[in-house]
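> Give me the fold of what follows.
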Amino acid sequence: MTRADLGKHPEQVSAMFDRVAANYDRTNTLLSMGNAPLWRVATTRAVDPKPGERILDIAAGTGTSSASLARSGASVVAADFSPGMIEVGRRRQAHVQNLVFVEADAMRLPFDDDEFDAVTISFGLRNVSDPKQAIREFLRVTKPGGRLVICEFSHPQASLVRAGYGAYQRWVMPPLVKLSSSNDTAYEYLNESINAWPVQSELAAWLREAGWRDVAWRNLTLGVVALHRGRKPLAAAAGSPE
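Now for the predicted structure:
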């Protein structure tokens, strides 16, 4: 079976997601114990899409999050580097008029500078081999004053919750994956990548280091997931502060 490792080689990660694309949404809903739709609602509200805006949804997978954003009337580009995911997404979201799919690498986005009013990525940043480079790319393609929203697995801060979540990852998740996915070994990488991911404050520091302003985060589901936000600085006028 195809799976990636923490080296996160793009070809391995892409092939892994190609293989799980058909059952990806169903498996996510099951593994999240039904929380995945709630996380999507929270992310959509944080992005706050408006009619006429242009929004980039990176690591969009099958476009479930992209379709949620597009319901606002915004023009949404769903970008993913897995051809298999894009194929499934185009088929499932064919009825959404203001949504297009593009194959793209988060570290080398095929878009112009200052192109999008908002950029968002859900459960994809930890799969990028150089997430700091991706964060800089997000900044490049965002319009001055535009916003970034990252929804990603994180680390519960309460010790009791951490212990319970660890037990779930070790004992409950594996049999659930076997029931719902055709590639259960790929989901071993899921746990590995979550446990190796930085804590909330460290990711926030990465955003500030890249140049994002007004960086903040809030925990969802007791810190199992965290929602990070930032804003691209406005272009400073000549002779005046930003």
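> neighbouring contacts of the longest strand anywhere in the chain?
For the chain, the strand with the greatest residue count under DSSP state E is strand 142-153. Residues from elsewhere that reach strand 142-153, judged by Cβ atoms under 8 Å, 6 or more residues apart in numbering: 39, 42-43, 46-48, 114-126, 138-139, 194, 197, 203, 207, 212, 220, 224-235. Yep, even glycine has a C-beta here, placed from its N, CA and C like the rest.
> one more time with 7 Å, if that's ok
39, 43, 46-47, 114, 116-123, 125-126, 138, 194, 197, 212, 224-235 (Cβ atoms under 7 Å, 6 or more residues apart in numbering).
> Please apply the same query to stretch 201-211.
By Cβ under 7 Å, 6+ apart, stretch 201-211 touches Lys132, Ile135, Arg136, Leu139, Val215, Trp217, His228, Gly230, Pro233.
> what number of residues lie near Val88?
21 (other Cβ atoms under 10 Å).
> Please disregard the earlier target; I meant Pro83.
Counted with other Cβ under 10 Å, Pro83 comes out at 14.
> ok, now Leu222?
Leu222: 14 neighbours (other Cβ under 10 Å).
> One more: the one 10 residues further on?
Burial measure for Lys232: 24 neighbouring residues, criterion other Cβ under 10 Å.
> ok but Ala216 is inside a strand, no?
Yes: Ala216 sits within a strand when classified using DSSP: H, G, I helix; E, B strand; the rest coil.
> residues touching the nearest residue to it once chain neighbours are set aside, list them.
Residue nearest to Ala216 in three dimensions, not counting chain neighbours: Arg229, with 5.5 Å by Cβ to Cβ, 6 or more residues apart in numbering. Applying Cβ under 7 Å, 6+ apart, we find Arg229 in contact with Ala46, Arg147, Leu148, Val149, Ala216.
> Buried ones in stretch 124-140, by neighbour count?
124-129, 131, 134-140 (16 or more other Cβ atoms under 10 Å).
> Do me a favour and average the pLDDT over that stretch.
What stretch 124-140 shows for mean pLDDT is 96.
> try stretch 152-165
92.
> From start to finish, how long is that stretch in a straight line?
15 Å (Cα to Cα, to the nearest Å).
> any idea how far Ser193 is from Asp105?
Using Cβ to Cβ, to the nearest Å, Ser193 is found at 18 Å from Asp105.
> my bad, Glu53
24 Å.
> and if you look at Ala46?
24 Å.
> Downstream of whatever helix or strand Pro174 lives in, the next helix or strand is which one?
Here Pro174 sits within helix 173-180, counting by DSSP states H and E. Per DSSP H and E, helix 173-180 leads on to helix 186-196 as the next helix or strand towards the C-terminus.
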